[in-house]
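[1] structure for this input, please:
(chains A, B, C and D)
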Amino acid sequence: MSASFHRAVNVLKKMIDTPIASYFNSCLHCGLCAEACLFYTETGDPKYAPIYKLEPLRRLYQQEYTLMGRMARLFGLSRPVTATEFEDWKTLVYDSCTLCGRCSLVCPTGNDIVSMVKCLREGMAIAGHAPQGMIDVTKRTLETGSPMGITWSALQRKIENIKTETGLEIPLNQEGAEYMLVISSLEIAHFPGFLTAVSKIMRQAKKTWTLCSDAFEASNSGVHIGVSDIAKEIVSRIVAGAEKLRVKTVISSECGHAFTALRWDGPNLIERPYRFRVRHIVEVLDEFRKQGLLQTIGHEEARLTFHDPCQLARMGGVLEPQRKLLKMVASDFVEMPDSGEYNWCCGGGGGVSDNEDAKELRLVAFTRKRAQLEAVNARRLVTACANCRIVLGEGMQHHQMNVPLLGLTELIANYLLETTAGGTE
Amino acid sequence: MENREIEPLESSMVHGVSRRTFLQYCATLASLMALPSSAGVAFSKALSSVSRPPVIWLSFQDCGGCTESLIRSNVPTLEDLLFNSLSLEYHQAFQISAGIATEAARKDVVQKNWGKYLLIVDGSIPMKEEGVYSTTAGVSHYDLLMEMAKGAAAVIAMGTCAVSGGLSRAYPNPTGATAISRLIKDKPVINLPGCPPIPVVMTGVLIYYLTFGAFPELDALGRPKAFYGETVHDRCYRRPFYEQGKFAKSFDDEGARQGWCLFELGCKGHITHNACSTKKWNGAVSFPIESGHGCLGCSEPGFLDTGSFYRALSLPEKPIGHAVNALMAGAMVGGSMFMTNRGFKMVAAHTHLPSCVADLEKESGG
Amino acid sequence: MSEFQWLSWIRGVGLQSAVAIFCMGIVWRTMEIYTLGRKLDIAEPRRISGASGWHTIYRRFLAPLGMIHLDPVTYIGGYVFHLGLLIVFFLSEPHIHLIRELIGLSWPALPPSMIDIVTIVTLITMIVVLVDRVRKPLKRFLSGFGDYVLWVITFLPVLSGYLTVHHLLLPYTILLALHMISVEVLLIVFPFTKLFHAVTVWPSRWFNGNTNARKGVPV
Amino acid sequence: MTNSQRIVVDPITRIEGHLRIEAEMGEAGKIVRASAAGTSVRGVEVILSDRDPRDVWVHAQRICGGGCTVSHAVASIRAVEDALHVSVPHNAQLIRNLMIGTQFIHNHITHFYRRQVLDWVDLLSALKADPKATAQLAENISHWPKSSPGYFADTQKKIKGFIESGQLGIFANGFWGHPAYQLPPELNLLVVAHYLEAIAWQRDVVKLHTIFGGKNPHPNFVMGGVPCAINLSGEDATAVNMAGLQIVQDMIHQMQAFVEQVYLPDTLAIAGFYKDWAARGEGIGNFLCFGDMPTKEAGTQDSFFFPQGIILNRDISTIHPIDLKNATEIQEFVAHSWYKYSVGDGHGLHPYEGETNLHYTGPKPPYEYLDVNAKYSWIKSPRWQGKPVEVGPLARVLMLYAKGHEPTKEIVHDTLEKLSFGLDAFFSTLGRTVARALESKLLAEEMQHWFGALMINIHAGNLRTFQRDQWDPSTWPQETRGVGFTESPRGALAHWVVIQEGRIANYQTVASGTWNAGPRDTTGQSGACEAALQHNHTVADPKQPIEILRTVHSFDPCITCAAH
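    Below is the predicted model of the structure:
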């Protein structure tokens, strides 16, 4: 047994807990989790059944933490879990799982499968079976501060551009600001309009806000790849930044996983509560809306639908705000079938979009999204996650669909009362 | 054994039974045992022979009930058997002499009839402590049985005690009481269980043996199929009530008075192989179920150790015991799993080295 | 061993042992599972009404939106046979009689004809569920030897119970013995197989529901 | 004393169970010390432990399947009923009485003819009898219809044929021609004929047990009453219907007829020729009855047919009361019995605290003699206030007589007059035998009354035969104890039970045989049977100890009961 495999088993042993034990003992092999998983529904391949992805973990649990399992192993009645098995499971645990959590929602015995996949990834990664793309992303995050290698100075240049283009001031390292925004480098690279939109909205809402040079990146590939130690290191930067600037609220940008990592995983990773709140930008917008700080004018006339990012909605509990916000600015908002907490994943969450090996499968899985979109025949597709946006774009391109994609924040910003003169985009 | 035949009429007149009645009796016996009518003729010839085949009856750890049951026989009567059909050469409960004279008579009979006599045994044999728990004339009953079995042509284990140990063998079997068939292996042994056996079963088998020199067809437990082939329930006159789900719930409720099925009062008729419901008892006047008490299962091995006589067969033999102990044992196992699992987890936590990005690219090997 | 002794063993030592193993197993397995410990979530919870572990325990009885169409056999079959097992076990006269003997509690029974119908429906449903498991590649893939064995172990008590009540095929006592032994086998394997889900399903749902409820997701 | 002066009679035949007598002989063939040893044991009291109290009557009943098959079941059930305070319905009391009564008469007649009479009657002498004279004799002593010369000639012919066949079987080595046989050939023939008739008679009268209990031997009982439901209208629903009750009535008549016209006349006729046995075989002189046959629902002693009490030293003017639950009254000793007491073998234990630890210390079989100075029997030695007592028909008749029971007084005086004896003659082997016949007659008459009372109840619509109130163990106290007593044909019988948490915690039986055939106790006092043998017995021929048999059989000892 190699040191890394040994360490992997060790970490899994550390992590296996009562809920996991309870879940494994509840499983009936009914296959309903598969019916909820787009990798199974779109391929029909039973190996993509979510619970099957956990086989190594289940066996490890049985062999380590049940008397029957220990005895079986003692008498040679069960094979120990091996490194080869981890290797074999790599495609199941990383390529065909977006941590979307839909399986956890439908399991009739209540098994939280996605939590177990996250657990298993912990071991797989340490054993050296994480996909190279995700390793690279993680490495870049640790080395440069951002998964895409975008440095603070690169961001500063973007900010300069925005200032030049729109005249909007983006505060940097403002101690005592009410809000601190962390953004996904995807947005910096692909959707700079997001930052502009936030600036406009903040201006209209008259809120103090800031970016932090030490902690501008929202996404946390440590959570994706499944290494808590790394995830902790990444989240700690934001915590340090926010606490240094003494902000009240950290706004997670339109990136679902980043929100999950910061909002739900972060305190558990650093093992203490934050001294600030964490809110997704959509939540913040909704708070502004409720306080009447969000004045819009006009409506998007084209039929418009919303893709609920898994981590925002199902895994994040943000279900209503986006709808209320949309209704402010869209006259023909339609819900896709299976919307809200039952929405289907774009197919690229959980680091899958970083994983080149998974691309083909991801595009197959997109069939599900296409069907959803076609069902409502929407002319616009809005979402609130940069990663979803990119994956959806890729998918639509691959599937030769032509539905314009928009971020929710940008859509709102487009209809802000004071920005009408400024034109759209 | 060679029987000198005489005219049946003459013989039957001796004991005051008409020839017609006598032949009718033989035919009835044949039909009782589900034998062809030719067997009835064979019976009548054998029963009329002048030389009566020798039978020796030994009682060990018994209660006397089997002997009493034999005495209750109506067809044939004990008098008929003794005077006309067989020669009861030895039976302590009848023997006129006592002591030395009896012992001498026993030895004499064995010697005279070596290899020919039929040995009937009632009661079990205590095997603990070299058999000190049961002796006659200073001889342990085990030794006595083996001595007497040596010269026997065949052995009948009479009654549940001899067949399977009966009362003496009931838990905890203080004397090591043992069934006859476990001790005698080199002779044909037929088992006639029942506490006591039905008289006609005793006499029927006796007469069959005396006529044909062999035992009738036996089941896996060495019991004649003719009498033990069906369960008491199979032919019970109350069975229709069972089928209708009409059960007496108490011994003198309306159901009991209407003769409803006694299943819920613990009747063991379903699993008891015996002829009570067809042959009935004491001149076919009644049988236990007809008189309101469930079948005790007295012809089945271990019937005294099978839980309550009043608990329906579909219920557990007795209330669940040991549940608390089992829960405690489970708690102990669970507790030790808790300790070891916690230990493993703590070791895993303590030996965990923080992972860094360099760890991710390590190739795992074999 | 005679039929009498066989049945006696089954109603006596066999049953006592099976119940003992069952009791021991339940405690042992429950402790084994629920003493592993879990980390408490320290992220600031989002509290919304209608979301909690308890809600989830209840809510998972219902098929989620759209799912029932994807796998009607599992859902409807599951409902029917679970309900059937419960009705047959708890509402048939012989079982109530048994329970009264054991713990002194009793309640009214359903008429035998109703129990018969439920039993037959249960049996048919279980067969349908089995056929589905064998025919559907997904389920076949997920099923191990144990799944089929456990199907048999669950099916036999119902079947033998029905045959026993109606005196079909075999002598009553053999059927009674088979019925009891099938229940004993069920009791013995119960704590050590997926049948244990009858215990773990409640905490599992609670954990899942609690995790989601903290995030404000009513699942 | 050397062993050559010791007569060993083993087996004692024509009894239930395995009894051995070792008689140490003095001058002129006189028995100076007799030791009675039960040589077979099953450990029933151990077996009965830790069982359901409602079940144990089944096990207890199987202590004896001979003349006590009803008695142990009844004692066991009454013990449990006493412990659980169950009150038995009147009908059940009456049915039990009828069954007990039948058991008495059945046993007494079976005992007399099958087990006892050939000690007094010489089979070979019967061949010399003149059938006509026999018929004459028969008509002189009774109205029994079977008394024609032809009948006796047939019987004689049958016996003759049997003896001439050379296959004597159970009659082989009988002590025929022994000088102790003193009856004229005609009386011998008469009794032999009745010997055969008794076999046929007994097989019929047990039908009473079959109607109520389903079978005999070992009819069924139930705690709280009797299991037989009564239904006069429902044809064949249950055995206790019109037809069944008619059979019961017939059986009572048959019993009365046989007792009055055969058994009692035969007994008295025989007794007339053996008057010397009225001065031999006197027992201890202490007579104990537990009493039985409650005729009221409550089952209290005042309604007993057989009274309870104890007579000491043949003083029938005083009946001492008995308390079966008093720890100092009835105790069992094991000084000469193969048991071990945790408190030491010298002590006596009241049955509630009784112990049954089998502990054999005798010689290793095969053996010739027992060491009668050490332990020598599987029977314990029960004592009342340290005194040995005799139980059985004689004790009961004396008790009835002492209580002034009119019919008893009448029949006793009649008998004494006929035999020209004084009351003292009862304290003997002969007295014991005659008392048995007298008791049968008294009981046969009484049974008609019980049956009448039962029929009155039934016709009044009272069909209650069972009482379920204490059936459920959850109604029982944590710990309770009780004693159930009955009079068995062979004498007083009681079972003591201790019930803890619904199971039998201790079970002790003191049977009639235990009182009568038990060994000596700690202080060397003999049991009744031993004492009787030590009284005025000479054995003419050590190889044919017919004298010993006469006295032993006069007790009708039941050793399966005694040693259990």
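[2] low pLDDT regions in chain D?
    Residue ranges of chain D with pLDDT under 70: D:1-4.
[3] likewise chain C?
    Along chain C, segments meeting pLDDT under 70 span C:1.
[4] now do the SS call for C:V183.
    The three-state assignment at C:V183 reads helix, by DSSP: H, G, I helix; E, B strand; the rest coil.
[5] contacting residues around it?
    Residues near C:V183 by C-beta atoms under 8 Å, 6 or more residues apart in numbering or on different chains: C:A18, C:P157. The way it works is simple: take the backbone N, C-alpha and C, and place the C-beta from them, glycine included.
[6] what's near enough to touch A:I234?
    Contact analysis of A:I234 by C-beta under 8 Å, 6+ apart lists A:T141, A:L142, A:E217, A:N220, A:S221, A:G222, A:A261.
[7] which two among those are spaced furthest apart?
    A:L142 and A:A261 (14.4 Å; C-beta to C-beta).
[8] which one of those two has more residues nearby?
    A count of neighbours by other C-beta atoms under 10 Å in any protein chain shown puts A:A261 above the other of A:L142 and A:A261, at 26 against 17.
[9] test my guess that the more buried one contacts A:N220.
    Yes: between A:A261 and A:N220 there is a contact at 3.6 Å, judged by C-beta atoms under 8 Å.
[10] which strand or helix spans the closest residue to chain D within the stretch 151-300 of chain A?
    Of all residues in the stretch 151-300 of chain A, A:N268 sits closest to chain D, at 53.5 Å by C-beta to the nearest C-beta. Here A:N268, judged by DSSP states H and E, is contained in helix A:266-270.
[11] what about the residue of the stretch 201-350 of chain D found nearest chain A, which helix or strand?
    Nearest residue of the stretch 201-350 of chain D to chain A, counting by C-beta to the nearest C-beta: D:S342, 43.6 Å away. Under DSSP H and E, no helix or strand contains D:S342.
[12] okay, now it: neighbour count?
    There are 10 residues near D:S342, going by other C-beta under 10 Å.
[13] how much space between the closest residue to it other than its chain neighbours and chain A?
    Distances taken as C-beta to C-beta, 6 or more residues apart in numbering or on different chains place D:E355 nearest to D:S342, at 6.2 Å, with adjacent residues excluded. For D:E355, the distance to chain A equals 45 Å [C-beta to the nearest C-beta, to the nearest Å].
[14] list the contacts of D:E355.
    D:E355 touches D:Y339, D:K340, D:Y341, D:S342, D:L349, counting by C-beta under 8 Å, 6+ apart.
[15] just give me the closest of these to chain B.
    Chain B lies nearest to D:Y339 out of the contacts of D:E355, by C-beta to the nearest C-beta, at 11.5 Å.
[16] would you agree that closest one is in contact with D:N357?
    Yes: at 5.7 Å, D:Y339 counts as touching D:N357 under the criterion of C-beta under 8 Å.
[17] so between these two, which is more surrounded?
    Remark: of D:Y339 and D:N357, D:Y339 carries more neighbours, 24 against 13, as counted by other C-beta under 10 Å.
[18] for B:C295, see how far away the closest residue to chain D within chain C is.
    Proximity of chain C to chain D (C-beta to the nearest C-beta) peaks at C:G104, 6.7 Å away. C:G104 sits 27 Å away from B:C295 when distances are taken as C-beta to C-beta, to the nearest Å.
[19] can you classify D:D469 as helix, strand or coil?
    coil.
[20] hang on, isn't it packed against D:V86?
    Yes: under the criterion of C-beta under 8 Å, D:D469 makes contact with D:V86 at 7.3 Å.
[21] shared neighbours of the two, anything?
    Common neighbours of D:D469 and D:V86 (C-beta under 8 Å, 6+ apart) are D:G224.
[22] neighbour-wise, which of these two wins?
    Shown here are D:D469 and D:V86; by other C-beta under 10 Å, D:V86 has more neighbours (19 against 11).
[23] that one belongs to a helix?
    No: checked against three-state DSSP, D:V86 lies outside a helix; its state is coil.
[24] report the contact partners of it.
    D:V80, D:M223, D:G224, D:Q467, D:D469, D:Q470.
[25] any buried residues in stretch D:232-240, and which?
    For stretch D:232-240, the neighbour count (16 or more other C-beta atoms under 10 Å in any protein chain shown) marks D:L232, D:A237, D:T238, D:A239, D:V240 as buried.
[26] torsion angles phi and psi at the last one?
    Reported as degrees, to the nearest 10, the phi and psi values for D:V240 are phi -90, psi 70.
[27] surely it and B:G292 touch.
    Yes: counting by C-beta under 8 Å, D:V240 touches B:G292, with 7.5 Å between them.
[28] any common contacting residues for the two?
    Common contacts of D:V240 and B:G292, defined by C-beta under 8 Å, 6+ apart, comprise D:C228, D:A229.
[29] can I get the contacts of A:I234 in CSV including pLDDT and secondary structure?
    Below are the contacts of A:I234 laid out as CSV (pLDDT from 0 to 100; DSSP: H, G, I helix; E, B strand; the rest coil):
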residue, pLDDT, secondary structure
A:T141, 90, helix
A:L142, 89, helix
A:E217, 91, strand
A:N220, 91, coil
A:S221, 90, helix
A:G222, 91, helix
A:A261, 94, helix
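[30] restrict those residues to those near chain B?
    Counting by C-beta under 8 Å from any C-beta of the partner chain, A:L142 from those sit close to chain B.
[31] distance of the residue of the stretch 201-350 of chain B found nearest chain C from C:T30?
    Nearest to chain C, among the residues of the stretch 201-350 of chain B, is B:G334, at 2.6 Å (C-beta to the nearest C-beta). Counting by C-beta to C-beta, the gap from B:G334 to C:T30 is 7 Å.
[32] so which of these two has more stuff around it?
    Applying other C-beta under 10 Å to B:G334 and C:T30 shows that B:G334 carries more neighbours, namely 24 against 20.
[33] excluding its backbone neighbours, what's nearest A:H399?
    Nearest to A:H399 is A:R370, by C-beta to C-beta, 6+ apart, at 5.1 Å.
[34] for the one you found, grab phi and psi.
    phi -60, psi -40.
[35] would you check that it makes contact with A:G395?
    Yes: taking C-beta under 8 Å as the definition, A:R370 is a contact partner of A:G395 at 7.3 Å.
[36] which one is the residue of chain C most remote from its centre nearest to, not counting chain neighbours?
    The outermost residue of chain C relative to its centre, with distances by C-alpha atoms, centre = their mean, is C:E44 at 37.7 Å. Distances taken as C-beta to C-beta, 6+ apart place A:P273 nearest to C:E44, at 6.7 Å, with adjacent residues excluded.
[37] so where's chain A uncertain?
    Short version for chain A, where the test is pLDDT under 70: A:1-2, A:419-425.
[38] closest to the centroid, which residue in it?
    Centre-most residue of chain A, counting by C-alpha atoms, centre = their mean: A:H257, 2.1 Å.
[39] got a list of what it touches?
    A:L99, A:S219, A:N220, A:V223, A:H224, A:Q311, A:G349, A:G350, A:G351, A:N387.
[40] just checking, what packs against the strand or helix carrying the fourth one?
    Counting by DSSP H and E, the secondary-structure element that holds A:V223 is helix A:221-225. Counting contacts by 3 or more C-beta pairs under 8 Å, 6 or more residues apart in numbering or on different chains; DSSP states H and E, helix A:221-225 is packed against helix A:113-126, helix A:132-144, helix A:228-245.
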